[in-house]
Structure formats: structure tokens, C-alpha cells
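# Okay, here's the prediction I keep looking at, along with the sequence it came from:
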Amino acid sequence: MSCEPERVTALVDGALGGDERARVEAHVAECEACRVQVANEKALQARLRDLPPPELPFGLEQRVRAHLRRRRSRRWPGAARALLPLAAVLVVGLWARGFAPFVAWELSRDHEHCFGMPRLPAQVWASEPDLLGAWFDEQGDQLPLLPSTAGGLALVGGRHCWLLDASRAPHIYYASDDHQLSVFVVPHGVRMSDDFATSSQGNAVALVRLGSRVVGVVGEDRSEVSAFVTGLRTSVAALGDLGPAPAPVSLPAS
């Protein structure tokens with residue numbers, strides 16, 4: 001069996017049974033990438049369970065019940081039933097869209113997912129920012145001015161990563177022999193009055209406004225993240241894309 005992320009998600013959600021469940025479990029036991037997916041999705045479910053419930057519109061329950069009564073004579077296809085748990089996660093992701101702590105957690109989760117794989121899942125390999133920027137520009141995304149190296153970390157490539165609200169974020173990889181750092185261009189607005197810094201899943205995360213964009217920087221070492229943010233702000237400011245300089249980002253201690 002080759003990797004099938006959708007079936008791994010169905011396994012985590014308890015949507016598989018019998019021989020199919022046994023087959024996927026056997027694959028996961030032998031596949032490091034799928035074990036990482038299982039661990040990440042279980043952690044996601046735990047985090048989502050801890051979120052406060054959203055306020056539902058008045059009369060929603062009555063409208064849903066009426067809709068179900070109209071459709072009760074129809075049967076859901078098996079594939080649709082398997083996708084229901086994923087749809088529930090998507091709804092919560094849309095509700096939390098733009099909430100700074102949730103965005104930081106999403107980016108940290110994706111950093112762990114990509115760097116936890118046996119081989120980085122890059123769509124483009126590049127050590128020069130111009131080459132990387134040209135590839136993303138062809139995909140319809142504009143990157144900020146990035147360095148080729150920063151604090152011993154070297155640019156190695158990037159890809160598009162899908163966030164829980166189904167938006168697509170450019171994800172840029174930096175690495176050294178023993179450290180990794182991710183830079184994300186957040187594809188939507190983030191609700192924060194100033195630059196935001198936190199720790200999530202053992203990583204330091206900074207969300208920084210650069211002109212009209214919000215950039216997320218994630219790494220294991222908070223000093224590397226702070227230094228990268230300072231250098232990034234200096235580079236972008238040289239292009240005249242920023243207003244008055246905000247206060248420096250102060251990351252919490254690990």
C-alpha cells in the first residue's frame with residue numbers, strides 16, 4: 001500500500017472498519033510520514049476540542065432539522081459519510097480563520113509536518129531568493145524580499161501548504177545541519193493589533209506585518225526566529241513597503 005493521506009485521516013476519525021482499517025494500520029506502522037500525519041491530526045483534534053464553541057445564528061437548529069427532514073429519504077454515499085469528519089474540521093477552521101493564536105498553531109503544525117518527513121516535500125528547490133520568488137510569482141503569489149542565508153540557516157526551497165480553512169500559503173524552507181526554520185506568507189488577514197509572538201508545539205512563532213502582508217516565521221530556536229524577523233524587516237523596509245517601524249518582536253522563553 002502506498003501513502004493515502006485521505007485514508008489515514010479516515011483512520012484517525014474512526015471512519016474505517018474491518019479489513020480496510022487493518023490494512024491502513026499496518027501501513028502506518030511501517031511509514032514514518034503517515035505516523036507523523038496521525039500524530040498531527042490527533043493533536044489537531046485535541047486542540048479543536050479545547051476551542052470555545054462559536055455562537056450559532058438564532059434559529060439555526062430549527063433550519064437544520066427542517067432541511068434534514070426534507071432530505072431524510074435520500075441516502076448518503078459512502079464517500080460522503082467518510083468526508084463528514086473532515087467537513088467538521090473545515091467548519092471549525094473557517095470559524096477560527098484569522099485568530100492570531102490559531103494561525104500561529106497552524107503554521108507551527110505545518111512546520112512540524114514538513115520537516116518531520118524523511119524528505120522535505122518541496123515543490124521547488126532553490127538556494128537563491130530570486131529563483132524561488134520567480135516560481136511563486138508564476139503561481140500567483142508574491143514573496144517579500146528574502147535572504148539566501150540567515151544566522152547559519154540556508155534557503156533550500158519551498159512549496160504551497162494548505163491551511164485548515166482551505167487557503168493556500170507559500171511555505172519557504174531554511175535549514176542547517178541541525179536547525180530548521182519556516183517562513184509563511186499568510187494568505188488572509190490576521191486579527192492582531194500589533195506583531196504577534198508566541199510558542200506553539202515547542203516552536204517559536206512570530207506573525208509580522210510587512211506592508212499589506214502578514215508573514216509567519218517558525219523555528220525551534222527563538223533567538224534565530226527573532227534575528228530572522230529583524231533581518232526580514234530591514235530588507236523589506238529598504239524597498240519602501242513598510243510604514244513606521246513597530247516595536248521589536250519579543251518571543252516568549254521556551
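Received it, and whenever you're ready, just let me know what you need.

# who does G158 bridge with?
V124, I172 (DSSP bridges).

# For stretch 147-166, what is the distance to the chain centroid?
Distance of stretch 147-166 from the chain centroid (CA atoms, centre = their mean, to the nearest Å) equals 12 Å.

# buried ones in that stretch?
Residues of stretch 147-166 classed as buried: 147, 150-151, 153, 155-159, 161, 163-165 (neighbour count, 16 or more other CB atoms under 10 Å). Every C-beta, even on glycine, is put in place using the N, C-alpha and C of the backbone.

# Among the residues you listed, which lie within strands?
The strands, defined by DSSP state E, take in A150, L153, L155, V156, G157, G158, R159, C161 from the buried residues of stretch 147-166.

# Could I get the buried residues of stretch 147-166 in TSV, plus columns for pLDDT and distance to E6?
What follows is these, written out as TSV (pLDDT from 0 to 100; distance: CB to CB, whole Å):
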residue	pLDDT	distance to E6
P147	89	37
A150	86	36
G151	82	38
L153	92	34
L155	96	32
V156	96	28
G157	96	25
G158	95	24
R159	95	19
C161	91	17
L163	83	17
L164	77	15
D165	72	18
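
# what's the closest of these to D50?
L164 (14.8 Å; CB to CB).

# hang on, the closest one packs against E106?
Yes. Under the criterion of CB atoms under 8 Å, L164 makes contact with E106 at 6.0 Å.

# does the nearest residue to G157 once chain neighbours are set aside count as helix, strand or coil?
Closest residue to G157 apart from its sequence neighbours, by CB to CB, 6 or more residues apart in numbering: A122 at 3.7 Å. Three-state assignment for A122 (DSSP: H, G, I helix; E, B strand; the rest coil): coil.

# what distance separates the particular helix or strand that has D110 in it from the centre of its chain?
When elements are assigned from DSSP states H and E, D110 belongs to helix 100-115. Taking the mean of its C-alpha atoms, helix 100-115 sits 5 Å from the chain's own mean (CA atoms, centre = their mean).

# mind listing what's buried in that helix?
For helix 100-115, by 16+ other CB under 10 Å, it's 100, 102-115.
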